[in-house]
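Peer 1: everything below, folded, please.
(one chain, ligands or ions: 1)
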Amino acid sequence: MTSSETPVLGLSGAAFGYDGNPVVSGVDLTVSRGEVVAVLGPNGSGKTTLVTGLLGLSEHLGGQVEILGTPLARLTDRTRLGYVPQRHTLGGGVRSTVSEVVATGLLASRPWWRPAGHTDRAAVERALDAVGLADRARFDVATLSGGQQRRVLIARALVAGPEVIVMDEPTAGVDRASQGVLAGVLQRLGRGGTTMLVVTHELAALRGVVDRIVEIDTGHVTFDGTPQAYADHQGEQARSVGRGAA
Ligand SMILES: Nc1ncnc2c1ncn2[C@@H]1O[C@H](COP(=O)(O)OP(=O)(O)OP(=O)(O)O)[C@@H](O)[C@H]1O
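Peer 2: Residues are numbered from 1 along each chain as shown. Sure thing, here's the model as predicted:
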């Protein structure tokens, strides 16, 4: 058990990368229960490497990383983290209903020999309800729009009841109206107390949803604070560039 004061994520001097080579390093980051944190930064700065490192999908190459009070290397129950991967929709190759896709999010927590029961079906219904797709449960996923498919993937990440959800660009590549719907889904989850770490290039789409911004540039954290402080920081940077050009 973790107490409510135990940070959901606690990183100190953390480094993550590939094949032994760090891409992000020196990351100090503490995320408390219920926080909704946007991770911003230029292309290739290491945002995905950082968040996938928390999921054990990129290599942890240094520093301390604790998830819900447990060192990353000792975290055996991966269902405590939910993950919505980057640029992912559900193509037409696989014929599955929306419910079936969401139910795959329960596979890690259910022994293979136990068929889905009432509790599992109720969890799928709750997750679909949370993303506003309860009425699409029996639809073939391939018939859904890109934005709706993202919501199916969010439901899949939610269904096992994770304590933190990591999302990699959930609003990228969908039209503005769908971005608004997705932002509404994230806002409801955030208000319900779900801790989220959201990599995004589209901060405007998530205005009012995130309560903290972490900026990564060339593998290092270059800002960590509130959206208002970030706006001030950007204004200050723009002014100093202007002064340099004058
Ligand atoms: N699987 C991998 N193996 C080796 N290097 C990788 C791998 N994935 C990413 N990289 C490298 O790590 C660096 C950071 O990539 P990363 O995807 O973390 O950045 P990002 O900030 O998420 O970028 P974007 O905004 O474009 O998604 C890049 O130089 C990239 O080429």
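
Peer 1: so where is this structure shaky, pLDDT-wise?
Peer 2: 1-4, 87-94, 109-116, 244-246 (pLDDT under 70).

Peer 1: residues from it in reach of the ligand?
Peer 2: 18, 23, 41, 43-49 (Cβ under 6 Å from any ligand atom). Placement of C-beta: from N, CA and C, glycine included.

Peer 1: mind listing what's buried in stretch 62-80?
Peer 2: Using 16 or more other Cβ atoms under 10 Å as the test for burial, stretch 62-80 gives 63, 65-68, 70, 72, 75, 79-80.

Peer 1: restrict the lengthiest helix in the chain to CA atoms and write it as CSV.
Peer 2: With secondary structure taken from DSSP state H, the chain has its longest helix at helix 227-245. This file holds the C-alpha atoms of helix 227-245, laid out as CSV (Å, rounded to 0.1, in the frame of the first residue of the first chain):
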residue,chain,number,x,y,z
PRO,A,227,0.7,27.1,-17.0
GLN,A,228,0.7,30.8,-15.9
ALA,A,229,4.4,30.7,-14.9
TYR,A,230,5.1,28.9,-18.2
ALA,A,231,3.4,31.7,-20.2
ASP,A,232,5.6,34.2,-18.3
HIS,A,233,8.7,32.1,-18.9
GLN,A,234,7.9,32.1,-22.7
GLY,A,235,7.2,35.8,-22.7
GLU,A,236,10.6,36.4,-21.0
GLN,A,237,12.3,34.2,-23.5
ALA,A,238,10.7,36.0,-26.4
ARG,A,239,11.7,39.4,-24.9
SER,A,240,15.4,38.2,-24.4
VAL,A,241,15.5,37.0,-28.1
GLY,A,242,14.1,40.4,-29.1
ARG,A,243,16.7,42.2,-27.0
GLY,A,244,19.4,40.1,-28.6
ALA,A,245,18.2,40.9,-32.1
